[in-house]
Every structure is written in C-alpha cells, then in structure tokens.
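Novice: Based on what follows, work out the 3D shape:
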Amino acid sequence: MKIAIVGTGYVGLVTGTCFAELGVDVTCVDTDASKIERLQNGIIPIYEPNLEQLVEKNYKAGRLHFTTSLESVLPEVEIVFSAVGTPPDEDGSADLRYVLQVAETIGRHIDRYVLVVTKSTVPVGTAAKVRATIQGELDKRGVQIPFDVASNPEFLKEGNAIEDFIRPDRVVVGTDSERARELMTRLYKPMLLNNFRVMFMDIPSAEMTKYAANAMLATRISFINDVAALCQAVGADVNMVRKGIGADSRIGNKFLYPGCGYGGSCFPKDVKALIHSAKQNNCRMEVLEAVERVNERQKRILFEKLVGHFGSAEALRGRRIALWGLAFKPGTDDMREAPALVLIEQLREAGAEVVAYDPIAMTEAKRRIGDSIAYATDAYGAVLDADALVLLTEWKEFRLPNWEVVKRAMRGDVVVDGRNIFDRNELRNLGFAYYGIGVL
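Specialist: Predicted structure coming up:
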C-alpha cells in the first residue's frame, strides 16, 4: 500500500515513519523545501526518542520518502493523510487554512479515487469542509472523480509517541463509506496482531473524540491543581490526597499530579478550540472555561512562591534564580505554552538574573527567547551562586541530585519544586527552604 502524509511536523513525521516501519510505502510531503532537504539528509526537525533512528532506517530501506510536491504523488497513493498544523486564531478557534489548502491541492490534481484522511486535530465539521473544498475544485475542472473523506485523530504523547503509535490504546476512525472503512482496515491490519481496537464511528463523533479526550485530561490536571491550592490552605498534603482518590478504580491515578500547569501543543490549543466551538453552537463549556482559568493561574504559582519567600517582587531584583527544565514535559524539546516561559517573563520583569538548564530543550529555548537568560551546561552549573532553584520539568536526571553539592554551589537555600518530585523532609534537614505544590 502507498500513502502520503502531508505535513512533517510532530504528528505527520511520527505517523509517516511508524507506518513505514510497519511496511507501508510512505511519502511525507511538506511545502518547506529546506525542511524536506534536511529530512533527506537525516536531520530531524523535532526531538522524539528513537524517531531519528527510525527515520534513517526506513529512508534507507526505501519505504519512507520526502517531497515538496503533493501533486506528484497523488497518482500513486491510495490514501492521503492531512497532518498539517491547526494553530489557534486570536479568538481560540482552530485555523483551518492549511487543512483546506491541502484539500484544494487534492481537488485540483487527483485523476483517480483517493481517500483523504484528516489526522490533524480539527473541530467537528471540518471533514465536511474538506469534502466541499475538494468537490468544488473538481466542479471547476468539470470532472467527476470519486473520493472519500475520513477522520483518524491522533492520540500520541510527546516523549512516548513511537510506542503510542505501535501499541495504541485505540485507533479511532470516522467514516461514512464502506470503501474507506475497508482501506483503513487494510492499512491498520499489521497492528491487529496486537489485538488493539479499531473503533469505527461517524465522522463528527471521531472529530469530537480527540477534543473531548484532551479536554478530559486537561480537566484532571486543573482539578488536582485546584485541590492542591485548598490543601495548602487547610494544611492537607495533596500527595496523600492524590494517592487516596487515585486508588478508586472509577478515578485512577493518571493525570492527577499537581504541578505548575499543563502546556505543549495540544491541551491549551484544544481546550480553547472546544470552548470556541461550543460558543459557535450556542453552548457553553463552563467546566472547561474553569479548567483554562485554573491552568493560567497555576503557571504563575512558582513566581508567587518566590515572592512569598523573599517578601516582595522587588526583592527579586538582582537575585540569581536557577531553573531546572524548560520543556513543557520530559521527553521532548517542545516549549509551546510551557510554564517556564511564563516564569521567565515574570522573573525578567522583576529584574532577576535567570540561569537555566534543560537536557534537550536548550536549543529551542534559545530560538524562542534568545540570550535574555543565561544557559548552563549541566544541572550543577545552573545552581552555581544561585539564590533559589526552581524545578519546572521532571526530567529523570533531576530526580536524585546530590543535594550536598547543590547546597555548596548555591548562594541561597531556596528550592521551589514545581512538580513535587523531591523529598521535602530530606531537603529541609539539609537546611533548604523547600516549597512544593499543595504541601506545607
């Protein structure tokens, strides 16, 4: 089977590479010629564990190809996946211009049946717009060429995307055509050996499933952060509370970790888009509106803890603050909507000196914020002469540092644990002033 994946961002590149690993002949398409050239030379534009090795392996094996021309591959492929970006507009809605540009290109150039599958996260009703756009281009040409449209949302976790694709919890496919269903069944057949579920449903339900799934996970994060704030106020320990409620099989313990807020490319964007979609349909997502407010508040909590310790924001002027972690989560270099960006802005406005270290995201940080902060070459270099240390990303290498070395290196004694991964009793016994989330 031959397929095309349009878009070589996170979703498109992972999807295309993993299908190639399963034996499918895949062509990844992108209008960015320099990106395509880099990919052909083995240079990967994103960080994802094991992705670089799989791209190289399948490119050399002739199963994975890269091009800037979608029209050149349309005569050969049976399925075209649209995995282009859907960035949020100012009003929170998903920007569909790239999705519809792909549809226009397909409508202008197909000369035989093709199945067009939306992989990008898009609002309910997008497939209908894609279908109308393709048909409109065919009408302009005065030709009648059959095609189908389907929805196949992705559920990949950054840092674990390869495993998520190969061994998924479920594969959701929205279609209204038996021919499309048969094609998608054949495409995913290699994975049926693992007895995973392909869940076929109508297209609007498939489009909604992706948004609803991310909205639920974001809700759990904001819920536990709200609980953490109350725990701090009444003297409870949110870590104990989390374990207690997570032991209930109806609740479970996933995504119940208090911290400094969620970020990344999915949760913030998808929550905004679902809220906007509801307003367009005379509904209101009141729970999600609160989820978003809590998350924005939570991103500012680390600065508030520093201010609480030093007495005022003005007292931070000239102080050296070390940051461990810049990416929004471990296992990725993604800094989109990262809590680190909010804290850095607050610290800079307060006149503090910021020194950061992240094992993967340093290059991305320099691209985003340049030399407005200092960068250390390792975790211990970051804390040298620091008045305070703030943990933002729970990378494994931060979990068991040599605290005696840290204590000797620091000028001050403040540790703000934005992910509750440190033993506060150990740190306090060593003379640190420890601040966590939802704990005294």
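Novice: now the helices: where do they sit in the stretch 1-150 of the chain?
Specialist: 10-21, 33-40, 51-60, 70-73, 97-109, 126-141 (DSSP state H, counting those that start in this stretch).
Novice: Ala365: which of these is closest?
Specialist: helix 10-21 (17.7 Å; C-beta to C-beta). For every residue, glycine as well, the C-beta is placed using N, CA and C.
Novice: what's the angle between that closest one and helix 33-40?
Specialist: Interaxial angle, helix 10-21 versus helix 33-40 (axes from the mean of the first three to the mean of the last three C-alpha atoms, to 10 degrees): 30 degrees.
Novice: Can you give the distance of the longest helix belonging to the chain from its chain's centre?
Specialist: For the chain, the helix that runs over the most residues, judged by DSSP state H, is helix 203-234. How far helix 203-234 lies from its chain's middle: 15 Å, per C-alpha atoms, centre = their mean, to the nearest Å.
Novice: tell me what that helix is packed against?
Specialist: Helix 203-234 is packed against helix 126-141, strand 147-151, strand 171-174, helix 238-246, helix 267-280, helix 286-298, with contacts defined by 3 or more C-beta pairs under 8 Å, 6 or more residues apart in numbering; DSSP states H and E.
Novice: Pull out the buried residues from the last one.
Specialist: Put plainly, it is helix 286-298. Along helix 286-298, these residues count as buried under the neighbour rule (16 or more other C-beta atoms under 10 Å): 288, 291-292, 294-295, 298.
Novice: from the helices of the stretch 1-150 of the chain, which stretch is densest packed?
Specialist: Neighbour counts (mean count of other C-beta atoms under 10 Å) averaged over each of the helices of the stretch 1-150 of the chain peak at helix 10-21, with a mean of 25.
Novice: Can you list the low-confidence ranges for the stretch 101-250 of the chain?
Specialist: Scanning the stretch 101-250 of the chain with the threshold set as pLDDT under 70 gives 192-196.
Novice: Now do the strands in the stretch 251-400 of the chain.
Specialist: Here the stretch 251-400 of the chain has its strands, by DSSP state E, counting those that start in this stretch, at 320-324, 353-357, 374-375, 388-391.
Novice: quick one: strands adjacent to the third one?
Specialist: So the one you mean is strand 374-375. strand 353-357 (parallel) (DSSP bridges).
Novice: May I have the strand it pairs with as CSV, with CA atoms only?
Specialist: C-alpha atoms of strand 353-357 as CSV (Å, rounded to 0.1, in the frame of the first residue of the first chain):
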residue,chain,number,x,y,z
GLU,A,353,19.0,37.0,36.7
VAL,A,354,17.9,33.7,35.3
VAL,A,355,20.2,30.7,34.6
ALA,A,356,18.5,27.6,33.0
TYR,A,357,19.4,24.1,32.2
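Novice: can you state the direction angle for that strand and strand 320-324?
Specialist: Going by the same axes, to 10 degrees, strand 353-357 makes 20 degrees with strand 320-324.
Novice: chain center to strand 353-357, what's the gap?
Specialist: Distance, centroid of strand 353-357 to centroid of chain: 24 Å (C-alpha atoms, centre = their mean).
Novice: buried sites along stretch 160-167?
Specialist: For stretch 160-167, the buried set under the neighbour-count rule, 16+ other C-beta under 10 Å, comprises 161-162, 164-165.
Novice: coming back round to it: and Arg63, which of the helices and strands packed on helix 203-234 is closest to it?
Specialist: So among those, strand 171-174 is nearest, using C-beta to C-beta, at 20.4 Å.
Novice: residues of whichever helix or strand comes after that closest one that come out buried?
Specialist: Next helix or strand after strand 171-174 toward the C-terminus (DSSP states H and E): helix 178-187. By 16+ other C-beta under 10 Å, the buried positions in helix 178-187 come out as 180-181, 183-184, 187.
Novice: partners of the helix or strand just after helix 178-187 in the sheet?
Specialist: Note on helix 178-187: by DSSP H and E, the next helix or strand toward the C-terminus is strand 198-201. Partner strands and pairing direction for strand 198-201 (DSSP bridges) are strand 171-174 (parallel).
Novice: Break the chain into its domains for me.
Specialist: By the assignment in automatic domain parsing, the chain contains the domains 2-201, 211-297, 299-435.
Novice: and which of the buried residues of helix 178-187 is nearest Phe200?
Specialist: Arg181 (6.1 Å).
Novice: Verify the contact between the closest one and Met199 for me.
Specialist: No. Counting by C-beta atoms under 8 Å, Arg181 does not reach Met199; the two are 11.8 Å apart.
Novice: tell me, what's touching those two both at once?
Specialist: Residues touching both Arg181 and Met199 (C-beta atoms under 8 Å, 6 or more residues apart in numbering): Val173.
Novice: Glu76: how many residues sit nearby?
Specialist: Residues within reach of Glu76, counting by other C-beta atoms under 10 Å, total 12.
Novice: List the buried residues in stretch 371-379.
Specialist: 373, 375-376, 379.
Novice: quick revisit: which of the residues in the longest helix of the chain are buried?
Specialist: 203-204, 206-211, 213-215, 217-229, 231-232.
Novice: now swap in stretch 429-440 and tell me
Specialist: Neighbour-count burial for stretch 429-440 [16+ other C-beta under 10 Å]: 432, 434-439.
Novice: Residues in contact with that stretch: which ones?
Specialist: 225, 227-229, 231-232, 235-239, 241, 258-260, 301, 305, 308-309, 403-404, 407, 413-420, 422, 424, 427-428.
Novice: just so I know, which of the helices of the stretch 1-150 of the chain lies nearest Ala388?
Specialist: So among the helices of the stretch 1-150 of the chain, helix 10-21 is nearest, using C-beta to C-beta, at 33.1 Å.
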